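[1] need a structure here:
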Amino acid sequence: MSTGAIGHRICCFGDSLVNGVRDGEKGGWPMRLGRRLLEEAKRETTIYNLGIRAETTEGLKARWKFEAQLRMVTEFPNILMFSFGVNDANHVEDRGEETTMRVSPATSAANAAEIIGEASRLAPTLWIGPQAVIDGSKSSQEINERLEGLNQIYLETARGFDVPYLDLFATTLKDDRWQRALRRGDGYHPDKAGYDRVAELIWEWDGWKRAVGLTD
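    Predicted structure coming up:
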């Protein structure tokens, strides 16, 4: 393992699946990554969990840069991490139209390109793809179909900006640990075990290892 840079300041942006809703340990996968960096890699890393429940890419686009710049210090290496999409794909509940997305695919794609493009010019950027919701009812199946489409759009966008992208959609749709954790949660948010699983997948990802200096 390379000694790499220490003292990273890592800003994790997204929605409730970043924030850690229904996580018994609190803090979601960002907290788990920070803990492992300290305990296993002996890295004094500052993790900022900047997830907001129910936020779409419209809200994220308006706030992320201001919040990131408040936390970025030139003396320390900075990393920006993003994970979003489930709320864009969710139903417009206040209109009672299950067939209508909260944010259209075209708008979600444009928002993602604006966010990731600007972030990648500001600091090293990592993009964690959206996780599947529970594979169950017609309503959740419809959301997963939308997420599959958004995931492909996001993957191509990441390639265009040369930003590392961790594709989690197919994995979490079929992963027994994730799906069981969703059943113990509310179908959209897992219990503790689900956040453990996502943190494991990120920790094992080469994009993460390279960004924090855990591999040559």
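
[2] just the buried residues of the host helix or strand of residue 145, please?
    Per DSSP states H and E, residue 145 falls inside helix 138-161. Buried residues in helix 138-161, defined by neighbour count with 16 or more other CB atoms under 10 Å: 140, 142-144, 146-147, 149-151, 153-155, 157-158, 161. In short, each C-beta sits where N, CA and C put it, glycine included.

[3] give me the low-pLDDT residue ranges for the protein?
    1-6, 93-99, 216 (pLDDT under 70).

[4] check the gap between the residue nearest the centre of it and residue 187 for me.
    Centroid check for the chain by CA atoms, centre = their mean gives residue 83 as the closest residue, at 2.2 Å. Shown here: residue 83 relative to residue 187, a distance of 18 Å by CB to CB, to the nearest Å.

[5] re the thing from before, for the buried residues of helix 138-161, which one is nearest residue 182?
    Distance to residue 182, by CB to CB, is smallest for residue 140 among the buried residues of helix 138-161, at 9.1 Å.

[6] contacts only, for that closest one.
    Shown in contact with residue 140 (CB atoms under 8 Å, 6 or more residues apart in numbering): 133-134, 187.

[7] okay, those residues in JSON lines with secondary structure, distance to residue 40 and neighbour count next?
    JSON lines is the format used below for the contacts of residue 140 (DSSP: H, G, I helix; E, B strand; the rest coil; distance: CB to CB, whole Å; neighbours: other CB atoms under 10 Å):
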{"residue": "133", "secondary structure": "coil", "distance to residue 40": "31", "neighbour count": "27"}
{"residue": "134", "secondary structure": "coil", "distance to residue 40": "31", "neighbour count": "23"}
{"residue": "187", "secondary structure": "coil", "distance to residue 40": "32", "neighbour count": "16"}
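
[8] residue 14: which of those residues is nearest?
    residue 133 (15.0 Å).

[9] let me know whether the closest one touches residue 86 as I believe.
    Yes: judged on CB atoms under 8 Å, residue 133 makes contact with residue 86 at a distance of 6.7 Å.

[10] where do the contact lists of those two overlap?
    Counting by CB under 8 Å, 6+ apart, the common neighbours of residue 133 and residue 86 are 143, 147, 188.

[11] show me the helices in this protein, by range?
    16-19, 28-39, 57-71, 86-89, 105-122, 138-161, 169-174, 176-184, 192-203, 206-212 (DSSP state H).

[12] next, the buried residues of the last one.
    For helix 206-212, the buried set under the neighbour-count rule, 16+ other CB under 10 Å, comprises 207-212.

[13] before we move on, back to that, same list (the shared contacts of residue 133 and residue 86) but as a markdown table, adding distance to residue 71.
    Shown next, in a markdown table, are the shared contacts of residue 133 and residue 86 (distance: CB to CB, whole Å):
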| residue | distance to residue 71 |
| --- | --- |
| 143 | 32 |
| 147 | 29 |
| 188 | 28 |
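
[14] and of those residues, the nearest to residue 52?
    Nearest to residue 52 out of those is residue 188 (CB to CB; 14.9 Å).

[15] count of neighbours near the closest one?
    By other CB atoms under 10 Å, 20 other residues sit near residue 188.

[16] just checking, it touches residue 87?
    No: using CB under 8 Å, residue 188 is not in contact with residue 87, being 9.5 Å away.

[17] surely residue 172 and residue 135 touch.
    No: with contacts counted by CB under 8 Å, residue 172 stays clear of residue 135, the gap being 9.5 Å.
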